[in-house]
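Trainee: Here is my input, please return the structure:
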Amino acid sequence: MTLIESSNRFLVFKEKIMTNTHSLSLAIHGGAGQYDIKDESERIAHLRSVMVEGRRMLRDGALAIDVAESLAVLLEDSGHYVAGKGTGPNSAGEYELDACLMNGENRKIGAVCALKGYKNPICVARKVLDNTPHVMLAGRGAENFASAQNCTQILNPLDYYIIQGITRLPEDLDTGTIGVVVRDVNGHLAAATSTGGLLGKMQGRVGDSPLPGAGCWADERVAVSCTGQGEYFVKTAIAADISARIRYGGYTLQAASAGAIHDMGLQGGYGGLIALGRSGEPVFPYNSKGMRRGWIDAEGEIQASV
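Mentor: Predicted coordinates:
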C-alpha cells in the first residue's frame, strides 16, 4: 500500500467517524436495588467518569466489543458495585465471580462462572471468547484457563476484596451487578455483564449474569445487560426474549424491554436492564426501587441517574 493510499483510507475512516458520531451509543449500569433510601452520589459520579472514557473510545473509533470489556473493567475495579473488587463472600467465605461478554456482530460469546482467585472476570471471559471454541468455562476449569492465559491472579483475597464477611442486614442487601451495552461507528452491538452474585449466596450458586440470553445478550438487533434477582432472569431468558419480541413480534425496543421486565415481575422477581437497539437509543426499564445507570443522550451528552 502506498503512502497516498494509506492516507486516503485514514481520511475515509475519519470521515466515517465524524459523520456517524451521533449514532455512537453507550449505556452502563451499576445494579438494581433499594437505592431510594441511600446516598448514591459517589457511585453516580463514578458512572459519569466511566461514560466519559467510553465516549472517548467510541469517538476514537474503538470497536463495541473492546469498549464493552474496557468499561466493565473500570466498573469491576472501582469497588463501588457487587462485581470485581466490590464482591462479597459466599456462604463458605469464598469469592466466586461470574461474567459474560458477547459480540453482536458475529454472536461470539465468552463467559466464566464460579471463578475464584482472578481479577477482572470480564477479561477472562474475553479470553474464552477469543482463544477457545467454547462459550463458558466454570470453576476450576476457568481458573486453570485463566492461569494458562496469564490473567491477573489475586494472591490474597482478604487484601483485595472490600467486603469481608457479611456485614449487612438481609433487608439492606441489594444487587450490584455491572453491565455495559455499546453501539460503535460501524453499527455493531456488544454487551458485557459481570457480578459477584448475591452476598452470602450458596457455594457454587450461578445467577443470570454469565448466562447468554439470561443476563447478557447481543446480536444484530439489540444488546442487553441485566441486573436483579438472577434466578428470575434465568427463568424468563429475559435478554434473548427482548430480541425475540423485536424479531418475531415486531415490537419496538422500548415495548419489548418493558414487556420482558413485566413478565419477569409476574414470576416474582425484581430488577432491571439496559438495552440498545440498532437506532442506538438506550432504554432502561426496571421494577426495583432504583437502578444505577449512565448513558449518552440524543445530543451526545452524558447522563447518569438512579
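Trainee: Which neighbouring elements make contact with the strand or helix carrying residue 223?
Mentor: Taking DSSP states H and E as the criterion, residue 223 maps to strand 222-228. Here strand 222-228 touches strand 25-32, strand 178-183, strand 189-195, strand 216-218, helix 238-249, helix 253-266, strand 271-277, going by 3 or more Cβ pairs under 8 Å, 6 or more residues apart in numbering; DSSP states H and E. To be clear about C-beta, it is placed using only N, CA and C from the backbone, and glycine gets the same treatment.
Trainee: now do 7 Å
Mentor: Secondary-structure packing of strand 222-228 (3 or more Cβ pairs under 7 Å, 6 or more residues apart in numbering; DSSP states H and E): strand 25-32, strand 178-183, strand 189-195, strand 216-218, helix 238-249, strand 271-277.
Trainee: Switch these over to TSV; also include mean neighbour count, distance to residue 43 and mean pLDDT.
Mentor: As requested, the helices and strands packed on strand 222-228 are exported to TSV (neighbours: other Cβ atoms under 10 Å; distance: least, Cβ to Cβ, whole Å; pLDDT from 0 to 100):
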stretch	mean neighbour count	distance to residue 43	mean pLDDT
strand 25-32	28	6	97
strand 178-183	32	11	98
strand 189-195	33	15	98
strand 216-218	34	21	98
helix 238-249	20	23	98
strand 271-277	28	15	97
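Trainee: export these to CSV and tack on distance to residue 163?
Mentor: Formatted as CSV, the helices and strands packed on strand 222-228 follow (distance: least, Cβ to Cβ, whole Å):
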stretch, distance to residue 163
strand 25-32, 14
strand 178-183, 15
strand 189-195, 13
strand 216-218, 23
helix 238-249, 27
strand 271-277, 20
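Trainee: To residue 129, which of the ones you listed lies closest?
Mentor: strand 189-195 (10.4 Å; Cβ to Cβ).
Trainee: Parallel or antiparallel, which strands does that closest one pair with?
Mentor: strand 97-103 (antiparallel), strand 178-183 (antiparallel) (DSSP bridges).
Trainee: Now the helix or strand following the first one: average pLDDT?
Mentor: In other words, strand 97-103. As assigned by DSSP H and E, the chain's next helix or strand after strand 97-103 is strand 108-115. The average pLDDT for strand 108-115 rounds to 98.
Trainee: Residues touching strand 108-115, excluding its own?
Mentor: With Cβ atoms under 7 Å, 6 or more residues apart in numbering as the test, strand 108-115 has contacts from 96-102, 121, 124-129, 135-139, 142-143, 204, 206, 210, 212.
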